[in-house]
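S.K.: from the sequence below, what's the structure:
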Amino acid sequence: MSFNNAFKALSDPTRREILRLLSQGEQTAGDLSERFDMSKPSVSHHFSVLKEADLIRSRRDGQKIIYSLNTTVAQDIVTWMWDLFGQPPSKNGKQP
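M.R.: Modelled structure (predicted):
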């Protein structure tokens, strides 16, 4: 996994919204595209960037492409961030 690709993908608000939507479950490319006020080729570009970063997966079901969140990579990024910046304080305000 390339963290550079992941951070590039996460730098765009549209791509972050796509990830948020996919966190609720699999969705077709068409269903996701309808959520954005942009051309289908533009949304497709966002899908490509997210796939290149390995943040999402796709599979074909007949004529439809179905996208899902790659939770393994998302967890790796969160773990890396915690290691980099330290774990969040516990409820009593102290580091664990």
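S.K.: let me see the mean pLDDT of stretch 70-77.
M.R.: Across stretch 70-77, pLDDT averages out at 76.
S.K.: alpha carbons of the lengthiest helix in the chain, as CSV, please.
M.R.: Longest helix in the chain by number of residues, with DSSP state H as the criterion: helix 71-85. The C-alpha coordinates for helix 71-85 follow below in CSV (Å, rounded to 0.1, in the frame of the first residue of the first chain):
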residue,chain,number,x,y,z
THR,A,71,-11.7,-1.7,5.2
THR,A,72,-8.3,-3.4,5.6
VAL,A,73,-6.5,-0.4,4.0
ALA,A,74,-8.7,2.1,5.8
GLN,A,75,-7.7,0.4,9.1
ASP,A,76,-4.0,0.4,8.1
ILE,A,77,-4.2,4.2,7.6
VAL,A,78,-5.9,4.8,10.9
THR,A,79,-3.3,2.6,12.7
TRP,A,80,-0.5,4.5,10.9
MET,A,81,-2.0,7.8,11.9
TRP,A,82,-2.2,6.7,15.6
ASP,A,83,1.4,5.5,15.5
LEU,A,84,2.5,8.8,13.9
PHE,A,85,0.5,11.2,16.2
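S.K.: helices or strands up against it?
M.R.: Packed against helix 71-85 by the contact rule (3 or more Cβ pairs under 8 Å, 6 or more residues apart in numbering; DSSP states H and E) you find helix 3-10. Where you see a C-beta, it was placed from the backbone N, CA and C, and this is true even at glycine.
S.K.: switch to 6 Å and redo it
M.R.: When contacts are defined as 3 or more Cβ pairs under 6 Å, 6 or more residues apart in numbering; DSSP states H and E, helix 71-85 packs onto no helix or strand at all.
S.K.: off-centre distance for that helix?
M.R.: 13 Å (Cα atoms, centre = their mean, to the nearest Å).
S.K.: tilt between it and helix 3-10?
M.R.: 100 degrees (axes from the mean of the first three to the mean of the last three Cα atoms, to 10 degrees).
S.K.: which SS class is the residue nearest the centre of the chain?
M.R.: For the chain, Leu19 is the residue whose C-alpha lies nearest the centre (Cα atoms, centre = their mean; 3.7 Å). Three-state call for Leu19 (DSSP: H, G, I helix; E, B strand; the rest coil): helix.
S.K.: lovely, talk soon.
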